[in-house]
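[1] Any chance you could fold what I've pasted below:
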Amino acid sequence: MQVHLKPETESRLQELAAKTGRAPDELVEDAMAGYLQELAQIREVLDGRYDDIKSGRVTPVDGEEAFVNLRRKSKQRRPRRS
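    The predicted structure is shown next:
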């Protein structure tokens, strides 16, 4: 498999390889392995959350309403200026 990187990304990869003494392909392999593992974990969490909503175990919250509540709570927690 070939991976095509933007010149800036390839330059950064080469710099990191030189600093760490590791081959660029090893760094790419490690980065991709970590990324794919994280992506799989996120997918698992999202699937579980979807199942919770679909089964009725949890009730979805309106996004706009949630942001309004967060802003209100944040405003209440700010120190009052005299």
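
[2] neighbours around residue 23, how many?
    10 (other CB atoms under 10 Å). Glycine gets a C-beta too; all of them are placed from N, C-alpha and C.

[3] List the contacts of the residue nearest to it when sequence neighbours are not counted.
    Using CB to CB, 6 or more residues apart in numbering and skipping residues adjacent in sequence, the residue nearest residue 23 is residue 17, 6.4 Å away. By CB atoms under 8 Å, 6 or more residues apart in numbering, residue 17 lies in contact with 23, 24, 27.

[4] Could you check how far residue 17 is from residue 4?
    From residue 17 across to residue 4, the span is 17 Å (CB to CB, to the nearest Å).

[5] can you check residue 66 too?
    Separation of residue 66 from residue 4 (CB to CB): 40 Å.

[6] Which one's more surrounded, these two?
    Per other CB under 10 Å, whichever of residue 66 and residue 4 has more neighbours is residue 66, with 11 against 6.

[7] Which secondary structure state is assigned to that one?
    Classification of residue 66 by DSSP: H, G, I helix; E, B strand; the rest coil places it in helix.

[8] I'd like the numbering to begin with 37 instead of 1 from here.
    Happy to do that; since the first residue is 37 now, the last one works out to residue 102.

[9] what sits against it?
    Taking CB under 8 Å, 6+ apart as the definition, residue 102 has no contacts.

[10] Tell me the confidence at residue 77?
    Note on residue 77: pLDDT of 98.
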